[in-house]
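Asker: sequence first, predicted model second:
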Amino acid sequence: MGNSHSHNHSHSHDDLKGRNLIISIFLNIVITVAQVIGGLLSGSLSLLSDALHNFSDVISLIISYIANRLSKRKASLQKTFGYKRAEILAAFINAATLIIVAILLIIEAVKRFQNPQEIESNVVIWLSLVAILGNGFSVLLLKKDSETNMNIKSAYLHLLTDMMASVAVFIGGLLMKYYQMFWVDSVLTFAIALYLIYMGYDLLKDSFKVLMLFTPDQILVEDIVKDIQQIGAIKNVHHVHIWQLNEDEIHLEAHIDFEENITLSQFDVILHDVEEMVFYNFGINHVNIQPEYGKCGDKDVIVQD
């Protein structure tokens, strides 16, 4: 038995989201190819590291696009939730790749710092400018949806950090051109990598919590149980499970022990009160309650298998 206060996005908005992802994919493929060629010609590690990050952007954007398309597929008898978790899985994968790329960059930065090499700074400067413009445009395209969608946020973070990395590479190119500070190439690469780890960790943690069916951080199970037990006729609430399916759905499952052997119509009235309470107080929009009366078992344990 349950309730659905779910909010569905319009098809036109989903189509716009997909179009923005495709544009960003195309831009980052162009930037990646240009930076690889430029990095090899100039000998710049920071430019090659930026190209590697851009390539990870391409992969993350493709993953995000596929997940976005899958999430629209309807449920079936074999897939009763459909692909609603596809975007959460994509966010987890993209956050993990951010951190992996960062570790690889740190290793290369340390190696290059020990053996600095002269770099053709003009190529670095111009290609970093191209990357700033391309990634900056992609960031603007995805910014709005990143605020409400974990999958789009993962792609947005890839692009945002890459734009900032390109700014750092640009500054490094100027320092190398006018002050021959070639060691700055490695230092900037190291700084970029640390920032990637910082940005990727929170998203990795949040998406992991959703995939593991953890209770959302903003919800306290004890508060929900206390509020529900204040409704008349309810004796006890136990066997509680609260999990987040995706950005739009938070589910509550619980057993409720009643004071009296009430009728089904009476239960429906109480169920409606429970649904309204948990939706407006805690944002829970899917409720499944198992009613009980005089059933043996441990009613003092709130959470149990």
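Answerer: Thanks, I have it.
Asker: check contacts around residue 128.
Answerer: Residues in contact with residue 128 (Cβ atoms under 8 Å, 6 or more residues apart in numbering) are 47, 50, 166-167, 169-170, 173. Just so you know, the C-beta spots here come from the backbone N, C-alpha and C atoms, and that holds for glycine as well.
Asker: that one is in what secondary structure piece?
Answerer: helix 121-146 (DSSP states H and E).
Asker: got it, and residue 291?
Answerer: Assigned by DSSP H and E, residue 291 belongs to strand 286-292.
Asker: what of residue 195?
Answerer: helix 184-211.
Asker: helix or strand right after that helix?
Answerer: According to DSSP H and E, the helix or strand after helix 184-211 is helix 221-228.
Asker: and that next one, what other elements does it pack with?
Answerer: In terms of contacts (3 or more Cβ pairs under 8 Å, 6 or more residues apart in numbering; DSSP states H and E), helix 221-228 is packed against strand 234-244, strand 250-258, helix 264-282.
Asker: and those as CSV, adding mean pLDDT, distance to residue 88 and mean neighbour count?
Answerer: Conversion of those to CSV gives the following (pLDDT from 0 to 100; distance: least, Cβ to Cβ, whole Å; neighbours: other Cβ atoms under 10 Å):
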stretch, mean pLDDT, distance to residue 88, mean neighbour count
strand 234-244, 93, 9, 19
strand 250-258, 94, 13, 20
helix 264-282, 95, 20, 15
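Asker: for residue 224, find the nearest of these.
Answerer: With respect to residue 224, and counting by Cβ to Cβ, the nearest of these is helix 264-282 at 6.1 Å.
Asker: orientation of that closest one relative to helix 221-228 in degrees?
Answerer: 130 degrees (axes from the mean of the first three to the mean of the last three Cα atoms, to 10 degrees).
Asker: which elements pack onto helix 264-282?
Answerer: If you count contacts as 3+ Cβ pairs under 8 Å, 6+ apart, helix 264-282 packs onto helix 221-228, strand 250-258, strand 286-292.
Asker: try 7 Å
Answerer: Applying 3 or more Cβ pairs under 7 Å, 6 or more residues apart in numbering; DSSP states H and E, we find helix 264-282 packed against helix 221-228, strand 286-292.
Asker: I'd like the average pLDDT over the strand holding residue 291.
Answerer: On average, the pLDDT along strand 286-292 is 94.
Asker: buried stuff in that strand?
Answerer: Residues of strand 286-292 classed as buried: 286-287, 289, 291-292 (neighbour count, 16 or more other Cβ atoms under 10 Å).
Asker: now render these as a markdown table, adding distance to residue 135.
Answerer: A markdown table is the format used below for those (distance: Cβ to Cβ, whole Å):
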| residue | distance to residue 135 |
| --- | --- |
| 286 | 38 |
| 287 | 43 |
| 289 | 48 |
| 291 | 55 |
| 292 | 56 |
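Asker: name the nearest of those residues relative to residue 89.
Answerer: Distances from residue 89 to these, taken by Cβ to Cβ, are shortest for residue 286, at 19.8 Å.
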